[in-house]
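Engineer: next input, structure requested:
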Amino acid sequence: MIKVIIVEDDPMVKMITEKFVSSTGEFKVEASFGDGEAAYEYISKGKGDLLILDMYLPGMDGLTLLKNLRENEIWIETIFVTAASNLEDIEKASQLGALDYLIKPFNFARLRSSFKKYLDKKETTYGKESLTQEEVDKIFLGDKKNVVTCKGIHESTLKKIISILEEDRSKEWSTKEVAEKVDSSVVTVKKYLDYLTETGKVESTLHYKSVGRPQYKYKLNI
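Structural biologist: Modelled structure (predicted):
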């Protein structure tokens, strides 16, 4: 089991995140904290495999916590889940080696994709002292590499479809609506939307109508 440490000062968000982690099967909550200083003391003892970290915390903020851990050569994988959307904080988190960065309010399908990213990296690096270029690409390129290698998926078309979905992130788009905007066939667009759903970038929901067949609708995971 992957031992997860949650650092979140909002009790409701912390409780919901704990329930989600416990429901995954491969991950379990080892400890939860509402402030950065207590979390730092705990993690400094070598506890935990994966850290879910808020930015705004009493006492010691998330960036300071992670910076202190890195300065003490503690390399716990870290996923930021925070309302902080400013570029400076995001860049600092990346420089400190954060695995992923989710902006509140977030979708749990998006957090699930972060967990998959963690598992993929662990699988690629486990027990190894050196990596092949292909393994390095898997860590650093991730889904970007999949866009290039996945049969029938072209990056330019994928970007067009994502930009359309970004026009209204709260809207659930039908395949036909997206196809009309991208000027492509429904069959082609459906393939791209299914790909985005599989990679966790898009959430699909099945809608039942009073007459006719049910219809899938899609929206970006926030």
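Engineer: pull the helix or strand with minimum mean pLDDT from the protein.
Structural biologist: helix 143-149 (a mean of 46; mean pLDDT, DSSP states H and E).
Engineer: report the mean confidence score over the next helix-or-strand element following that helix.
Structural biologist: Moving toward the C-terminus from helix 143-149, the next helix or strand (DSSP states H and E) is helix 155-166. Averaged across helix 155-166, pLDDT comes to 90.
Engineer: before we move on, what about stretch 201-216?
Structural biologist: Mean predicted confidence for stretch 201-216 is 79.
Engineer: would you mind listing the buried residues in that stretch?
Structural biologist: Residues of stretch 201-216 classed as buried by neighbour count (16 or more other CB atoms under 10 Å): K201, V202, E203, S204, Y216. All C-beta spots, glycine's among them, are computed from the backbone N, C-alpha and C.
Engineer: next one: stretch 10-23
Structural biologist: Here stretch 10-23 shows V13, K14, T17, E18, F20, V21 as buried, counting by 16+ other CB under 10 Å.
Engineer: and of those residues, the nearest to T82?
Structural biologist: V13 (10.2 Å; CB to CB).
Engineer: please state the offset of the helix or strand containing that closest one from the chain centre?
Structural biologist: In the assignment (DSSP H and E), V13 maps to helix 11-23. Its chain's average C-alpha position is 16 Å from that of helix 11-23, according to CA atoms, centre = their mean, to the nearest Å.
Engineer: report the rounded mean pLDDT for it.
Structural biologist: On average, helix 11-23 scores 93.
Engineer: following that helix, which helix or strand shows up next?
Structural biologist: Past helix 11-23, the next helix or strand by DSSP H and E is strand 27-33.
Engineer: strand partners (parallel or antiparallel) of that following strand?
Structural biologist: strand 2-7 (parallel) (DSSP bridges).
Engineer: who's in contact with the partner strand?
Structural biologist: 14, 17-18, 21, 26-36, 39, 42-43, 47-54, 57, 62, 65, 76, 118-119 (CB atoms under 8 Å, 6 or more residues apart in numbering).
Engineer: pull out the buried members of these.
Structural biologist: Here, 16+ other CB under 10 Å leaves 14, 17-18, 21, 27, 29-30, 32-36, 39, 42-43, 47-54, 57, 62, 65, 76, 118 buried among the contacts of strand 2-7.
Engineer: I'd like to know how many residues surround the closest residue to N68 other than its chain neighbours.
Structural biologist: Setting aside the residues directly before and after it, N68 is nearest to Y40 in space (CB to CB, 6 or more residues apart in numbering), at 6.0 Å. Neighbour count for Y40, taken as other CB atoms under 10 Å: 20.
Engineer: just the local confidence number for Y40, please.
Structural biologist: 96.
Engineer: please give me every residue in contact with it.
Structural biologist: Contacts of Y40 by CB under 8 Å, 6+ apart are M60, L65, N68, L69.
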